[in-house]
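A.B. asks: I would like the atomic coordinates for the input below:
(3 chains)
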Amino acid sequence: MQRFIKKKPCIKEIFDALFSFYGPQYWWPGDTPFEIAVGAILTQNTNWSNVEKAINNLKNSKALSARALHNMPLEKIALLIRPAGYFNVKAKRLKTFVDFLVNSYGGSMKRMKKDDVMSLRKKLLGVHGIGHETADSILLYALDMPVFVIDAYTKRVLSRHGILHYNASYDEYQNLFHEELDEDIMVFNEFHALFVKVGKEYCRPKPRCEDCPLRPF
DNA sequence: GACCAGGCACATC
DNA sequence: GATGTGCATGGT
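C.D. replies: Residues are numbered from 1 along each chain as shown, chains lettered A, B, ... in the order given. Have a look, this model is predicted:
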């Protein structure tokens, strides 16, 4: 099977083009690793501004901690995160993640960070409601681990530039970045944020390619 | 009113 | 392995 539509993927060139056009994005918005992990679950298929409202509700109710959420009834969590959408589903996912954090690491993200990257990734993927993107977002943005995050924008941008087929697997997309880039947390962090930035402006389902900074590709 | 958003699990073929 | 569906709020 032919992996690439183009012969040579120009991953670094894409990063340079986006970074020089937009500059650093300083992701991820969040005060603590735990808040970032919660945000990663709440933002599943959801606009970030809605997630902020939900996180503020959790903060105002002093519920933004592993212990608080661990002891809180599902219905109350659902009520607090309502603005983030899919609130019944996400309440369960949040609870399941927090239970995992409490049972495996005593509720401490710091202790979770001491785990080996790949074995932690496997464990996270085993948590119900945590898929590839959410797991990798937690690893990269909450725990500073060198894992590249693939999301819908990344796939849309790369496939529209003929670099990889849209339907290629998550691992195929991720391998592309892991093979082409040095293992640099700051680059992984900025690059994914830049994909979201350029994706929001130019690479929606209905693309606006005229003024896109990636037009030369 | 239609479209979209920083997914995931599950059913079915 | 591929495809379709449910989950839901809020901004443009």
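A.B. asks: which stretches of chain A aren't confidently modelled?
C.D. replies: A:1-9 (pLDDT under 70).
A.B. asks: Nearest to DNA strand C: which residue in it?
C.D. replies: Residue nearest to DNA strand C within chain A (CB to the nearest atom of the strand): A:Gly85, separated by 2.5 Å. Where you see a C-beta, it was placed from the backbone N, CA and C, and this is true even at glycine.
A.B. asks: Tell me how far A:Ala40 lies from DNA strand B.
C.D. replies: 6 Å (CB to the nearest atom of the strand, to the nearest Å).
A.B. asks: any idea which helix or strand carries that residue?
C.D. replies: helix A:33-42 (DSSP states H and E).
A.B. asks: so the residue of chain A closest to DNA strand C touches A:Asn50, yeah?
C.D. replies: Yes - counting by CB atoms under 8 Å, A:Gly85 touches A:Asn50, with 6.1 Å between them.
A.B. asks: which ones are touching the residue of chain A closest to DNA strand C?
C.D. replies: A:Gly85 makes contact with A:45-46, A:50 under the criterion CB atoms under 8 Å, 6 or more residues apart in numbering.
A.B. asks: From A:Ile11, how far out is it?
C.D. replies: 33 Å (CB to CB, to the nearest Å).
A.B. asks: What residues does the most centrally placed residue in chain A make contact with?
C.D. replies: For chain A, the residue nearest the mean C-alpha position is A:Ser137 (3.5 Å; CA atoms, centre = their mean). Applying CB under 8 Å, 6+ apart, we find A:Ser137 in contact with A:28, A:36, A:40, A:149.
A.B. asks: With adjacent residues omitted, what lies nearest to whichever residue of chain A sits closest to DNA strand B?
C.D. replies: Proximity of chain A to DNA strand B (CB to the nearest atom of the strand) peaks at A:Gly131, 2.4 Å away. Setting aside the residues directly before and after it, A:Gly131 is nearest to A:Leu125 in space (CB to CB, 6 or more residues apart in numbering), at 7.2 Å.
A.B. asks: go on, A:Val98?
C.D. replies: Spatial nearest neighbour of A:Val98, chain neighbours left out: A:Leu69 (4.5 Å); criterion: CB to CB, 6+ apart.
A.B. asks: Show the subsequent helix or strand relative to the helix or strand hosting the one you found.
C.D. replies: If you go by DSSP H and E, A:Leu69 is part of helix A:66-70. Sequence-wise, the next helix or strand downstream of helix A:66-70 (DSSP H and E) is helix A:74-80.
A.B. asks: is that next one anywhere near DNA strand B?
C.D. replies: No - Helix A:74-80 does not reach DNA strand B (CB under 7 Å from any atom of the strand); its nearest approach is 14.3 Å.
A.B. asks: What are the buried residues along that helix?
C.D. replies: A:77-78, A:80 (16 or more other CB atoms under 10 Å).
A.B. asks: which residues in chain A form helices?
C.D. replies: With DSSP state H, the ranges of helices along chain A come out as A:11-22, A:33-42, A:48-60, A:66-70, A:74-80, A:87-105, A:109-113, A:117-125, A:132-137, A:152-160, A:170-180, A:185-202.
A.B. asks: Quick one: name the residues of chain A near DNA strand B.
C.D. replies: When proximity is defined by CB under 7 Å from any atom of the strand, chain A lies next to DNA strand B at A:27-29, A:39-40, A:43-48, A:50, A:85-86, A:89, A:128-135, A:137, A:141, A:151-153, A:196, A:199-200, A:204-206.
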